[in-house]
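[1] Fold the following.
(one chain, ligands or ions: 1)
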Amino acid sequence: MKTTTRRRTARFLAPVLALALALSAGSPAQAEDPPLRDLADRHGLRMGVAVSAHLLDNARYAEIAAEQYNSVTHENELKWESVQPQRGQFNWSGADRLVDFARANGQDVYGHTLVWHSQLPSWVADGGFSAPELEGVMEDHISTVVNRYADDISHWDVVNEAFNEDGTFRDSVFHRTLGEDYIATSLEMAHAADPDARLFINDYNVEGINAKSDGLYRLASSLVARGVPLHGVGLQSHLIVGQVPSSMQANIQRFADLGLEVVVTELDIRTTTPASEQQLQAQAADYTRVFQACMAVDGCGGVTVWGVGDANSWIPDVFPGQGDALPYDHQYDTKPAYWAMHEALGGDGDPGPGPDPDPDGSCAVTYTVSDQWNQGAVINVTVRNTGSATVDGWSLAWTSPTGQQVTSAWNATVTRTGSTVTAEGVSWNRTLPPGGSATFGFQITHQGQVDTPDAFELNGTACD
Ligand code: XIL
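    As a prediction, the model looks like this:
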């Protein structure tokens, strides 16, 4: 709440604290697995969780929320019906409780949400307000809430779920009364209340490239072009096991190319319940896919998961027979999905105790002669980032016998100088997130000798 000048500092202190703890923890071989928040801090990423304030009474729930995440989102307590259930009557108890918790634990707060057709009290939805009256109601709500938490909330989902599945605007009291400009108006109001807040539009089924995300993209482009204070888009990402859109990374990229931040705001990946071991493994692979899509794009700010554990997820209430969608189970124990996030962020992804891999980055290479004839050969190479930091632009070098010439290459630019061969990533595979890999190939001519090199350097550092 607006009582001190602690704005945003907590988030940036966290890595310093983590480093101090790591230094005092003894040799790395004895280290415990680092929590997700420490791994995420190394990348400057948000690793958030949706929290229900009243569930903080459960000690295990509170412990996970505090130890594993560097950001929290109110699952319900900041929604209009919670904060201003009657006109002019504001109730801050639930919202304050989580903000206090975040302060105590050095966490950022991601604000959710200001203008939404759902969980909207009937005095607004059915109030029969004229356009100027409704703008007054919005202005009062937005400025009061944003102002109160200006010291604590860095990002806001200003408008939630504004679109239909076909990319047109959803019918709501806001759209009916004010037309599509209610979105720009809401953003302007939030910006006036806290000029430092990063302002987002958030929606579901916009994770891949489709009609709905095209609608969001058109709106975002036009708001940016008009100079409306929009800083990002939230992809809710309530996904289904086996159905992470293959275009998710490209979709994140196109919003990032507008200069916007993209955050995965409400990740859960549901399955039929109870989930089998096989479904849990498939789910883990899907968590990896989401993290890789985010971490491959510079403008992706991070991921928030929509709940601490399966015991309290919203999914079974809304999608009967489905659930088990989160990284912790009904007993608040870690699931394969947890370790998938851990590994994607550069941890060892293994339930056993550390050690944590080298945070400076390292690599593994497979080099395969896939075809060979008299004086020619085709070679395929996969380079994998086994470090914990994203490699932004890779160059892989090795030596090969004289007499070989590179005649063609695909998925990389391959050149030879003296006995050194160098391969460089191309635009679409130049970024290697932790755990990510690129595969390329080339053809050579030779004078009878095709050996397999066993020493490679990635950006000048030797690979394993
Ligand atoms: C859900 C909460 O998780 C539930 O507890 C509540 O009953 C309904 O809302 N999209 C959103 C979130 O933006 O606010 C929703 O949260 C889930 C879908």
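[2] all contacts plus neighbour counts: C-alpha atoms, from now on.
    Fine.
[3] Output the below-cut-off pLDDT ranges for the protein.
    Filtered on pLDDT under 70, the chain yields the residue ranges 1-31, 353-361.
[4] Helices along that one, start to end?
    Applying DSSP state H to the chain gives helices spanning 9-24, 36-43, 59-68, 80-83, 93-104, 122-125, 131-148, 173-178, 181-193, 211-226, 248-256, 277-295, 315-318, 336-344.
[5] starting at the chain centroid, how far to the longest one?
    By that I understand helix 277-295. In terms of Cα atoms, centre = their mean, to the nearest Å, the centre of helix 277-295 is set 13 Å apart from its chain centre.
[6] What are the buried residues along that helix?
    For helix 277-295, the neighbour count (16 or more other Cα atoms under 10 Å) marks 279-295 as buried.
[7] How about the contacts made by residue 67?
    35, 37 (Cα atoms under 8 Å, 6 or more residues apart in numbering).
[8] And for residue 282?
    241, 242.
[9] one more time with 10 Å, if that's ok
    Going by Cα atoms under 10 Å, 6 or more residues apart in numbering, residue 282 touches 241, 242, 271, 276, 288, 336, 337.
[10] ok, and the closest non-adjacent residue to residue 258?
    Nearest residue to residue 258, sequence neighbours excluded (Cα to Cα, 6 or more residues apart in numbering): residue 221, at 6.8 Å.
[11] make that residue 111, sorry
    Once flanking residues are discounted, residue 111 sits nearest to residue 156: 4.4 Å by Cα to Cα, 6+ apart.
[12] what's the answer for residue 300, then?
    Excluding the flanking residues, the one nearest residue 300 by Cα to Cα, 6+ apart is residue 262, at 4.7 Å.
[13] With residue 144 instead?
    Among residues not flanking residue 144 along the chain, residue 193 sits closest, at 8.0 Å (Cα to Cα, 6+ apart).
[14] ditto for residue 252
    Leaving aside its chain neighbours, residue 252 sits nearest to residue 262 (6.4 Å; criterion: Cα to Cα, 6+ apart).
[15] State the distance from the one you found to residue 295.
    According to Cα to Cα, to the nearest Å, residue 262 and residue 295 sit 11 Å apart.
[16] which residues are common contacts for those two?
    Common neighbours of residue 262 and residue 295 (Cα under 10 Å, 6+ apart) are 301, 302, 303.
[17] Nearest to residue 388 among these?
    Of all the shared contacts of residue 262 and residue 295, residue 388 sits closest to residue 302, with 15.1 Å by Cα to Cα.
[18] mind listing what that closest one touches?
    Contacts of residue 302 (Cα under 10 Å, 6+ apart): 40, 43-48, 71, 261-265, 291, 294-295.
[19] Filter those down to the buried ones, ChimeraX style.
    Here is the ChimeraX selection string for the buried members of the contacts of residue 302, based on 16+ other Cα under 10 Å:
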select :40,43,45,46,47,48,71,261,262,263,264,265,291,294,295
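[20] Among the contacts of residue 302, which one lies nearest to residue 104?
    Residue 104 lies nearest to residue 71 out of the contacts of residue 302, by Cα to Cα, at 12.1 Å.
[21] Just grab the bridge partners of that closest one for me.
    Assessed by DSSP bridges, residue 71 has beta-bridge partners residue 48, residue 108.
[22] try residue 263
    Under the criterion used (DSSP bridges), residue 263 bridges to residue 234, residue 302.
[23] if we can go back for a sec, what count of nearby residues applies to the residue nearest to residue 144?
    19 (other Cα atoms under 10 Å).
[24] give the contact list for it.
    Neighbouring residues of residue 193 by Cα under 10 Å, 6+ apart: 139, 142, 143, 144, 145, 146, 147, 148, 150, 187.
[25] List only those of these flagged as buried.
    139, 142, 143, 145, 146, 147, 148, 150, 187.
[26] ok, which pair from these is furthest apart?
    148 and 187 (16.7 Å).
[27] Could you give the number of residues near the closest residue to residue 325 other than its chain neighbours?
    Leaving aside its chain neighbours, residue 325 sits nearest to residue 270 (4.1 Å; criterion: Cα to Cα, 6+ apart). Neighbour count of residue 270, defined by other Cα under 10 Å: 26.
[28] And stretch 406-415, what's buried?
    Neighbour counts over stretch 406-415 (16+ other Cα under 10 Å) mark 406, 409, 411, 412, 413, 414, 415 as buried.
[29] Next up, the contacts around the fourth one.
    Right, the one you point to is residue 412. Counting by Cα under 10 Å, 6+ apart, residue 412 has contacts 394-395, 422-430, 438-442.
[30] taking the residues you listed one by one, which sit in strands?
    395, 422, 423, 424, 425, 438, 439, 440, 441, 442 (DSSP state E).
[31] of those, closest to residue 250?
    Of those, the one sitting nearest to residue 250 (Cα to Cα) turns out to be residue 438, at 16.4 Å.
[32] who touches the closest one in this structure?
    365, 381-385, 394, 411-412, 425-426, 428-432.
[33] among those residues, which ones are buried?
    Among those, the ones that count as buried (16+ other Cα under 10 Å) are 365, 381, 383-385, 394, 411-412, 425-426, 429-432.
[34] sorry, back to before: and which of the contacts of residue 412 is nearest residue 126?
    residue 428 (49.4 Å).
[35] Next, give phi and psi for the closest one.
    phi -90, psi -10 (degrees, to the nearest 10).
[36] Roughly how far does it sit from residue 194?
    From residue 428 to residue 194 the distance is 37 Å (Cα to Cα).
[37] So for stretch 177-195, what gets flagged as buried?
    Residues of stretch 177-195 classed as buried: 177-178, 180, 182-194 (neighbour count, 16+ other Cα under 10 Å).
[38] Just the strands from the stretch 351-464 of the chain, written as ranges.
    Taking DSSP state E, counting those that start in this stretch as the test, the strands found in the stretch 351-464 of the chain are 363-373, 376-385, 391-392, 395-399, 405-410, 412-417, 420-425, 431-432, 437-445, 457-458, 461-462.
[39] any chance of those strands in TSV, plus distance to residue 248?
    Output for the strands of the stretch 351-464 of the chain, formatted as TSV (distance: least, Cα to Cα, whole Å):
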stretch	distance to residue 248
strand 363-373	25
strand 376-385	21
strand 391-392	19
strand 395-399	26
strand 405-410	24
strand 412-417	23
strand 420-425	21
strand 431-432	16
strand 437-445	17
strand 457-458	27
strand 461-462	31
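[40] Please identify which of those strands is closest to residue 205.
    Across those, closest to residue 205 is strand 431-432 (Cα to Cα), at 25.9 Å.
[41] Adjacent strands (with direction) for the closest one?
    Partners of strand 431-432 in its sheet, by DSSP bridges: strand 391-392 (antiparallel).
[42] so how far is the partner strand off the chain centroid?
    The gap between where strand 391-392 is centred and where its chain is centred comes out at 17 Å by Cα atoms, centre = their mean.
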